[in-house]
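*Asks:* what's the 3D shape of this:
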Amino acid sequence: MWDTAGVLILLRHGRTAANAAGLLQGRLDQDLDDFGRQQASAAAALINERFDVAAIVSSPLRRAVQTAAALGDDVVIDDRWVELAYGRYEGAPQGDVPSEVWQRWRDDRHFTPEGGESLAVLDARVRQACEELVERAGDEDIVVVSHVSPMKTAVAWALGVEDVSFRSHLDQSAICRIAIRPTGPVLLSFNETAPLPTL
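*Replies:* Alright, predicted model coming up:
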């Protein structure tokens, strides 16, 4: 069931070559691949069919901007929605990141890899961005096109918990919907995906 009041709609970007190769992408600034463009088009069609989108906000990275462009021309860039910086591990196969590094990320929100960013810093910037959208998203449908880590942080904000990063999964071009009600944000859906016309 789709909510009829204003909704904050989070959309993950479509697939890139780095996604397809299983690389830790972070701030690598890649274009969508052909499949990613199909995903973006399908997600945009689903959102535009079911919502009266009043504003589109995007991370500055190309894969997000290109996904946002499928929704409409008037896209506002907000750097706070950029992906977590993985520093020295950006571009590495996810399986090549040492298990002790993943464990440190799980255990210490202030852990910062060399040249990267901590989950605590990510959390602060994304929660601030969410709070600034609360009033408008209570009355209008706002789409934010972003990445896995910022979207999971926004979901944690909506749920009133510290973190969901390592206990949830988001597909490429996944949609999460958050209603803004007088009592606060309410998570309506998580990891919705639009059917693709062709594979």
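*Asks:* from what I can see Gln66 touches Asp31, true?
*Replies:* Yes. Gln66 is in contact with Asp31 according to C-beta atoms under 8 Å; the separation is 6.4 Å. No exception for glycine: its C-beta is placed from N, CA and C like everyone else's.
*Asks:* For those two, indicate the residue with more neighbours.
*Replies:* Higher neighbour count among Gln66 and Asp31: Gln66, with 20 against 13, using other C-beta atoms under 10 Å.
*Asks:* Helix, strand, or coil at that one?
*Replies:* Three-state call for Gln66 (DSSP: H, G, I helix; E, B strand; the rest coil): helix.
*Asks:* secondary structure element for Ser149?
*Replies:* For Ser149, the host element (DSSP states H and E) is helix 148-159.
*Asks:* How far away from the center of its chain is the helix or strand following that helix?
*Replies:* Note on helix 148-159: by DSSP H and E, the next helix or strand toward the C-terminus is strand 175-181. Relative to its chain's centre, strand 175-181 lies at 13 Å (C-alpha atoms, centre = their mean, to the nearest Å).
*Asks:* Can you list the strands that strand 175-181 pairs with?
*Replies:* In the sheet containing strand 175-181, its partner strands are strand 7-12 (antiparallel), strand 184-192 (antiparallel), by DSSP bridges.
*Asks:* List the buried residues of the longest one.
*Replies:* Of the residues in strand 184-192, those buried by neighbour count under the rule 16 or more other C-beta atoms under 10 Å are Pro185, Leu187, Leu188, Ser189, Phe190, Glu192.
*Asks:* Could you list which residues are in contact with the third one?
*Replies:* Pointing back at Leu188 there. Counting by C-beta atoms under 8 Å, 6 or more residues apart in numbering, Leu188 touches Asp3, Val7, Arg177, Ile178, Ala179.
*Asks:* And the furthest pair within the residues you listed?
*Replies:* Asp3 and Ile178 (9.5 Å; C-beta to C-beta).
*Asks:* what element comes up after the one helix or strand in the chain whose mean pLDDT sits lowest heading to the C-terminus?
*Replies:* Sorted by mean pLDDT, DSSP states H and E, the helices and strands of the chain end with helix 99-107, the least confident at a mean of 93. The C-terminal neighbour of helix 99-107 among helices and strands, as given by DSSP H and E, is helix 119-137.
*Asks:* Figure out how far that next one is from the centre of its chain.
*Replies:* Put simply, helix 119-137 sits 12 Å off its chain's centre (C-alpha atoms, centre = their mean).
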